[in-house]
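Novice: Output the structure for:
(one chain, ligands or ions: 1)
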Amino acid sequence: MSLEAIRYSRGTLDIIDQLKLPHESTYVSIRNSKDGFDAIKRMVVRGAPAIAIVAALALAVELTSLPTIGSSAEDRRGFIFEKLDYLLQSRPTAVNLADAAGKLKRIVIAEAATAEEVTERYLQAAEQMLVDDVQDNMNIGKFGAEWILQSAAGGKDKVVVLTHCNTGSLATAGYGTALGIIRSLHFGSNLDHAYCTETRPYNQGSRLTAYELVHEKIPATLITDSMASALMRLKDVTAVIVGADRVTANGDTANKIGTYQLAIVAKYHGVKFVVAAPTTSIDMKTLSGEDIEIEQRPGREMLVVRGPRVKEGGGEMEVDLEHVETVITAAAGIGTYNPSFDVTPNELIDAIVTEKGVAVKGPDGSFNLSRFFLVAGELKSVKRT
Ligand SMILES: CSC[C@H]1O[C@H](OP(=O)(O)O)[C@H](O)[C@@H]1O
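Specialist: All right, here's what the predicted structure looks like:
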């Protein structure tokens, strides 16, 4: 089965249906911005970098299918701006979507004589995002593994880590961020064991991260979200490694719900807490985590689980794909609260690992993230849309 979340060639975009993993590995075609919006909104594709790339490429496919949309360069730019603003509304918390839209708008706004030139500029920029993300993640993996071995392992050459949600090839264009660090530790023979949480209610951990870890034969164990504090008390966990949907200028980090409590428990147990995030997840325009919009997901996603039956007479994990069911797991009439993310304050974070290096707090206890945006000594514009 494939770990490739996104399959693209000019004119076609197919994404793995992550609502069906790990039992079925099927791809769905994305033909235009509306398909892209719906796939992101329903979490057919999810993961901060992946949703930005799918949004950008969904519009790329639409532009390729509509070669004559907008007669002039200005009309073509207007179409692109309108579609990017629409796609931005699909999920509010991850900044990667806004970052990508801002970059794409700046690229197409440059002087162009014809509508075709505007389209070509857009296509090349969107396609480059798919390529750049994989290299960024491999750099995050390298820098993160080095930092953990130097600053958290206490001289050991093999470490035990805990991760939350899914931050791997299914959340990015490939390799992953936090899971990229785990891959780099494993490939460097520096991983003793990886623990992953289920990550209720979408179960990114039990369905997606576990799938990736098993697929690559990385030594790993699944725990429920409620086991994390006992694990850190009873097992020699070296570091907790998580991803990010939005890191603000002061280092506060929005990530999958449950991250904040992992950071509190890690602090209590003296376990290093590491955030892995490409600079496309850093929002220098938002000063602190208090200003991050937290997406509220439908309560139904908490109340039901969907999956195939265990095959009659089969082994415990043998599934009968002919009988996929939706099961209600809560009492009828109960209220629900389903925020998709929470915010971890910077004081609970030991390191923020990006593709450009690792940020740690200075003597004044603050992160200096602006250095990741300096170009020839000047703070590069970090404008968003
Ligand atoms: C590298 S993925 C970043 C981030 O996205 C996930 O959220 P979701 O599955 O709802 O898209 C999770 O918060 C990951 O840490």
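
Novice: and A276, how far is that from the ligand?
Specialist: 8 Å (C-beta to the nearest ligand atom, to the nearest Å). Backbone N, C-alpha and C define where each C-beta goes, glycine included.

Novice: Bridge partners for that residue, pull those for me.
Specialist: Beta-bridge pairing of A276, defined through DSSP bridges, involves V353.

Novice: Quick check: the residue of the chain nearest the ligand.
Specialist: Using C-beta to the nearest ligand atom, the closest approach of the chain to the ligand is made by G243 at 2.8 Å.

Novice: what's the burial count for that residue?
Specialist: 33 (other C-beta atoms under 10 Å).

Novice: give the contact list for it.
Specialist: By C-beta atoms under 8 Å, 6 or more residues apart in numbering, G243 lies in contact with 47-48, 165, 167, 171, 177-178, 255-256, 275-277, 281.

Novice: okay if I get the residues you listed as JSON lines plus secondary structure and pLDDT?
Specialist: What follows is those, written out as JSON lines (DSSP: H, G, I helix; E, B strand; the rest coil; pLDDT from 0 to 100):
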{"residue": "G47", "secondary structure": "coil", "pLDDT": "98"}
{"residue": "A48", "secondary structure": "helix", "pLDDT": "97"}
{"residue": "C165", "secondary structure": "coil", "pLDDT": "98"}
{"residue": "T167", "secondary structure": "coil", "pLDDT": "98"}
{"residue": "A171", "secondary structure": "coil", "pLDDT": "98"}
{"residue": "T177", "secondary structure": "coil", "pLDDT": "98"}
{"residue": "A178", "secondary structure": "helix", "pLDDT": "98"}
{"residue": "N255", "secondary structure": "strand", "pLDDT": "98"}
{"residue": "K256", "secondary structure": "strand", "pLDDT": "98"}
{"residue": "V275", "secondary structure": "strand", "pLDDT": "98"}
{"residue": "A276", "secondary structure": "strand", "pLDDT": "98"}
{"residue": "A277", "secondary structure": "coil", "pLDDT": "98"}
{"residue": "S281", "secondary structure": "helix", "pLDDT": "97"}
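
Novice: which residues in this protein form helices?
Specialist: Counting by DSSP state H, the segments of the chain that form helices are 33-41, 48-65, 73-88, 96-109, 115-151, 178-187, 210-215, 228-234, 259-269, 300-303.

Novice: Among the ones you listed, which comes closest to R200?
Specialist: Put simply, out of those the one that sits nearest R200 is helix 300-303, at 7.7 Å, with distance taken as C-beta to C-beta.

Novice: Can you tell me the closest non-neighbouring residue to the residue of the chain closest to the ligand?
Specialist: Computed as C-beta to C-beta, 6 or more residues apart in numbering, the closest residue to G243 that is not its neighbour in sequence is T167, at 3.5 Å.

Novice: quick one: that neighbour and G47 touch, right?
Specialist: Yes - assessed by C-beta atoms under 8 Å, T167 is found in contact with G47 at 7.0 Å.

Novice: more neighbours, those two?
Specialist: Neighbours per residue (other C-beta under 10 Å) separate T167 from G47, with T167 holding more: 33 against 29.

Novice: Next up, the contacts around that one.
Specialist: The contact partners of T167, by C-beta under 8 Å, 6+ apart, come to G47, G176, T177, A178, L179, G180, T209, V242, G243, A276.

Novice: cool, A113 as well?
Specialist: Contact partners of A113, counting by C-beta under 8 Å, 6+ apart, are A73.

Novice: measure it to K83 for me?
Specialist: With the distance defined as C-beta to C-beta, to the nearest Å, A113 ends up 22 Å from K83.

Novice: just S169 next, same as before
Specialist: With the distance defined as C-beta to C-beta, S169 ends up 27 Å from K83.

Novice: More neighbours: the two, which one.
Specialist: S169 (28 against 23).

Novice: Need the nearest residue in space to the more buried one, chain neighbours excluded.
Specialist: Setting aside the residues directly before and after it, S169 is nearest to L3 in space (C-beta to C-beta, 6+ apart), at 4.3 Å.

Novice: R7 too?
Specialist: Taking C-beta to C-beta, 6+ apart as the measure, R7 lies nearest to D14, with 4.4 Å between them; neighbours along the chain are not counted.

Novice: what's around the one you found, how many residues?
Specialist: Other residues within reach of D14, judged by other C-beta under 10 Å, total 15.

Novice: cool, T336 as well?
Specialist: Taking other C-beta under 10 Å as the criterion, the count of residues near T336 is 14.

Novice: Return the distance of the closest residue to it other than its chain neighbours relative to A331.
Specialist: Using C-beta to C-beta, 6+ apart and skipping residues adjacent in sequence, the residue nearest T336 is G299, 3.0 Å away. Between G299 and A331 the distance is 13 Å, computed by C-beta to C-beta.

Novice: the more surrounded of these two?
Specialist: When neighbours are counted by other C-beta under 10 Å, G299 comes out ahead of the other of G299 and A331, with 14 against 7.

Novice: Go ahead and confirm R91 touches I294.
Specialist: No - at 11.1 Å, R91 does not count as touching I294 under the criterion of C-beta under 8 Å.

Novice: circling back to that earlier point, and the residue nearest to T336, what does it touch?
Specialist: G299 is in contact with G335, T336, Y337, N338, counting by C-beta under 8 Å, 6+ apart.

Novice: Just among those, which is most surrounded?
Specialist: When neighbours are counted as other C-beta under 10 Å, the busiest of the contacts of G299 turns out to be N338, with 17 neighbours.
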